[in-house]
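> Need coordinates for the below:
(chains A, B and C)
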Amino acid sequence: MYERLKEKIMLGQPRPIMNAAYDLFHNGTIALAHAELNGMRIDVDYCVLQQKKLAKKIRKEETALDATKMGRLWEHIYGTKKNYNADKQLRNILFSKMKLKSYMETDSGLASTKAEALSYHDAIEGIKGLIRRRKYAKVNTTFEGMIREQVDGILHPFFNLNTVKTYRGSSSNINFQNIPNRDFEVMNMIRRAIYPLPGYQIAAIDYGSIEVGTGCFYHKDPMMMKYVSDKSTNMHRDMAMQLFMLDTLDKEHKGNEINPGENALYQGAKGAFVFAQFYGDYYVHCAEGLWKIKKDVMLKNGTLLEKHLKDFDVGTLKKYTTHVKEVETDFWENRFRIYNQWKESFYQEYLENGYFDMLTGFRCQGVMNQKQVCNSPMQGTAFHLLLWSFSEVDQWLRKNKMKSCMMGQIHDEMLLHLWPSERHIVLPKIKQIMTESIREKFDWINVPLSVDADLSGVDRPWNEKKGIEI
DNA sequence: GGAACTCGCCAC
DNA sequence: AAACGTGGCGAGTTCC
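You can find the predicted model right below:
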């Protein structure tokens, strides 16, 4: 059956590389199906209760809004049609009637009403309340979906392999891959609803910085490979120092109350510059993003970053942008010159052939720009490492008659229902598969791979996850 | 009355 | 020359 299916799909043109891709998705599909079947527990009563609380919070915000100047204008114009959830009405009120300046636009060129755009006007009475109302409404609909999709208190999200042009996976009904994590308040609210199967605990094991690693498989940039391989180096720390013109930046102070600023600078360099640049962003936008972070940061020596930058003659956004431009040039022409050359040659090759292949055997065809062409292999390959590991772990658990079983996948992270007494057998085995066995399977892996793990308590919800050492 | 679209927002 | 890659989904809105 398996061979016949494979032949049919290969359309009689078997090439070894494509066979590898077929096998990966064939085995991956089976393992993901096991996870879908297992599903995850959900506390429906809690969801319903939270919805009631959220509805109350939303009503409270709306009552407060009604009493503002903006609210009265809204009422005057729309009457019974007034709807605080209608962005079109909001756009009309703010940018036409109240004549506020629009700082951001939507893709189609209208004045944006997203939270970031509204926050430019958060001094206006009601704006902050409107943003809060929207956040509550969003969380409310998330509970709505979970209640709708559960069957007898179990959610069975789908994990698809047929929807993404980079050959990543996706998830639906519900989308298990975009459950809030970064906003601590919202994370706690939503993940509090999700439980392991009775008697189990949730284990989440993810690859560390995997897309940076997969990049190295393709461009083989020596500086990037050193950053990934040598633990005494740190790319984001180096970039934070260069971007903010500092001599030191100790990552160990991350989250330290004495030096809260260090965390902001490290995270800022990482998110607003390094990853943005990798995805194809450019210095003007990066400078704007970095400029927002810097304001109230206190440096180790007691000076405000704002003053520090002024002392270095980059105290205005305009001057700072020129500085970021120089950092960008250095980033691509010196620090990651080989990566930069690869982007050029890989794209040229695509233009000549009309397609490009991934190391895992997948072929990408279609009209793409350079950013898409150069991002796809990294994104896809990173997921394929996770998927291969996911399938190996699933097979190992079954073969060895473990009670632990698969729960789901979030691109570079696998989640399991972990049977507590199996913890010290299963977790080390997973680490071994993810970081060692995989290097025997794929000989083009040219940098060490690392994993991080989170664990919830036995019969405790997902929001109580805590980092652990394996 | 449903399909298709835009927008906003969540994840990696 | 232009300027952040990949998804899913809900609400509102418009099209047919």
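
> buried set for the one helix or strand A:Ser391 maps to?
Here A:Ser391 sits within helix A:370-399, counting by DSSP states H and E. Judged by neighbour count using 16 or more other C-beta atoms under 10 Å, the buried positions of helix A:370-399 are A:372-394, A:396-397. For every residue, glycine as well, the C-beta is placed using N, CA and C.

> Pop the domain breakdown of chain A in here.
Residue ranges for each domain of chain A read A:2-39+A:156-212+A:377-468, A:45-152, A:222-335, as given by automatic domain parsing.

> Pick out the residue nearest the middle of chain A.
Most central in chain A under C-alpha atoms, centre = their mean is A:Asn178, positioned 8.1 Å from the mean C-alpha point.

> What segments of the stretch 51-200 of chain A are strands?
A:154-155, A:158-160, A:170-172, A:194-195 (DSSP state E, counting those that start in this stretch).

> Is there contact, residue-wise, from the last one to DNA strand B?
No. Applying C-beta under 7 Å from any atom of the strand, one finds strand A:194-195 separated from DNA strand B by no less than 13.1 Å.

> Can you give the distance of that strand from its chain's centre?
Strand A:194-195 sits 21 Å away from the centroid of its parent chain (C-alpha atoms, centre = their mean, to the nearest Å).

> most packed of the strands of the stretch 51-200 of chain A?
Across the strands of the stretch 51-200 of chain A, averaging neighbours per residue (mean count of other C-beta atoms under 10 Å) puts strand A:194-195 on top, at a mean of 23.

> can you list the residues that contact that one?
Residues from elsewhere that reach strand A:194-195 (C-beta atoms under 8 Å, 6 or more residues apart in numbering): A:Met40, A:Arg41, A:Ile42, A:Asp43, A:Leu155, A:Ile179, A:Ile202, A:Asp459, A:Arg460, A:Pro461, A:Trp462.

> got the residues of chain A near DNA strand B?
So chain A meets DNA strand B at A:87, A:106-108, A:110, A:112-117, A:131, A:134-135, A:138, A:175, A:177-183, A:186-187, A:410-413 (C-beta under 7 Å from any atom of the strand).

> Name only those of those that count as buried.
By neighbour count, with 16+ other C-beta under 10 Å, these hold A:112-113, A:117, A:131, A:134-135, A:177, A:179-180, A:186-187, A:410-413 as buried.

> among these, which are within reach of DNA strand C?
Answer for those near DNA strand C (C-beta under 7 Å from any atom of the strand): A:Gln177.

> If we ignore the residues flanking it in sequence, what's nearest A:Asn188?
Counting by C-beta to C-beta, 6 or more residues apart in numbering, A:Asn188 lies nearest to A:Asn463, which is 4.7 Å off, once chain neighbours are set aside.

> Would you double-check that the one you found falls in a strand?
No. Membership of A:Asn463 in a strand is not supported by DSSP: H, G, I helix; E, B strand; the rest coil, which gives helix.

> who touches A:Glu469 in this structure?
Per C-beta under 8 Å, 6+ apart, neighbours of A:Glu469: A:Ala453.

> A:Ala33 is in what secondary structure piece?
helix A:16-38.

> how about that helix: buried residues?
Per 16+ other C-beta under 10 Å, helix A:16-38 contains these buried residues: A:18, A:20-22, A:24-25, A:27-29, A:31-32, A:34-36, A:38.

> And the nearest residue to A:Pro377 once chain neighbours are set aside, its phi and psi?
Among residues not flanking A:Pro377 along the chain, A:Met358 sits closest, at 4.9 Å (C-beta to C-beta, 6+ apart). Main-chain torsions, A:Met358, degrees, to the nearest 10: phi -90, psi 160.

> ok, A:Met358 - contacts?
Counted by C-beta under 8 Å, 6+ apart, A:Met358 has contacts A:Ala21, A:Tyr167, A:Cys364, A:Ser376, A:Pro377, A:Gly380, A:Thr381, A:His384.

> What average pLDDT does whichever strand or helix holds A:Glu306 get?
For A:Glu306, the host element (DSSP H and E) is helix A:305-311. For helix A:305-311, mean pLDDT rounds to 91.

> Which strands and helices lie in contact with it?
On a contact count with 3 or more C-beta pairs under 8 Å, 6 or more residues apart in numbering; DSSP states H and E, helix A:305-311 meets helix A:235-244, helix A:283-294.

> Show the subsequent helix or strand relative to it.
Where DSSP H and E defines the elements, the next helix or strand beyond helix A:305-311 is helix A:317-330.

> Show me what counts as buried in that following helix.
For helix A:317-330, by 16+ other C-beta under 10 Å, it's A:Tyr320, A:Thr321, A:His323, A:Val324, A:Val327, A:Glu328.

> need those in JSON lines with pLDDT, can you?
Formatted as JSON lines, the buried residues of helix A:317-330 follow (pLDDT from 0 to 100):
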{"residue": "A:Tyr320", "pLDDT": "95"}
{"residue": "A:Thr321", "pLDDT": "95"}
{"residue": "A:His323", "pLDDT": "96"}
{"residue": "A:Val324", "pLDDT": "96"}
{"residue": "A:Val327", "pLDDT": "96"}
{"residue": "A:Glu328", "pLDDT": "96"}
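
> for A:Pro222, what are its contacts?
A:Ile338.
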